[in-house]
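In: got a sequence here, can you build the structure:
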Amino acid sequence: MGPHLEKRSLSLAGHRTSVALEPAFWAALERLAAARGLSLVALVAEVDAARAEAGAAEAAPTSAVKVAAGGVPLASALRVAALRGAPPPPGPAGPAPQAS
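Out: Model prediction:
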């Protein structure tokens with residue numbers, strides 16, 4: 001884990017786990033959770049559950065490891081969730097792009 005990653009520990013489905021993400025992704029996830037009225041842990045749990053569901057639906061019956069892992073690493077699923085749903089960061093916004 002490089003110095004640019006921030007590691008956080010949390011409980012998901014009764015199990016302790018750690019996730020390392022860049023600080024900008026943690027900030028985006030915190031904004032998304034706040035916008036949805038959730039705690040960060042609740043948002044991470046939703047992403048984890050959706051990832052596990054998707055992995056189970058796509059995995060071959062003999063691929064227990066893929067099903068258990070959700071098929072996609074949690075850190076990757078969290079980055080995607082942050083990019084898809086986080087509102088823009090607060091602060092001064094530059095001029096709006098002009099349509100040509």
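
In: which secondary element of this protein has the worst mean pLDDT?
Out: Ranking every helix and strand in the chain by mean pLDDT, DSSP states H and E puts helix 64-69 at the bottom, with a mean of 45.

In: helices or strands next to the helix or strand where Ala28 lies in the packing?
Out: Ala28 belongs to helix 23-35 when elements are defined using DSSP states H and E. Packing contacts for helix 23-35, counted by 3 or more C-beta pairs under 8 Å, 6 or more residues apart in numbering; DSSP states H and E, involve strand 6-12, helix 40-58, helix 74-85. Heads up, the C-betas are built off the backbone N, CA and C, glycines and all.

In: which of the residues in that helix are buried?
Out: By neighbour count on 16 or more other C-beta atoms under 10 Å, the buried set for helix 23-35 is Phe25, Trp26, Ala28, Leu29, Arg31, Leu32, Ala33.

In: mind putting the residues you listed in a markdown table, pLDDT included?
Out: Formatted as a markdown table, the buried residues of helix 23-35 follow (pLDDT from 0 to 100):
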| residue | pLDDT |
| --- | --- |
| Phe25 | 95 |
| Trp26 | 96 |
| Ala28 | 94 |
| Leu29 | 96 |
| Arg31 | 93 |
| Leu32 | 94 |
| Ala33 | 95 |
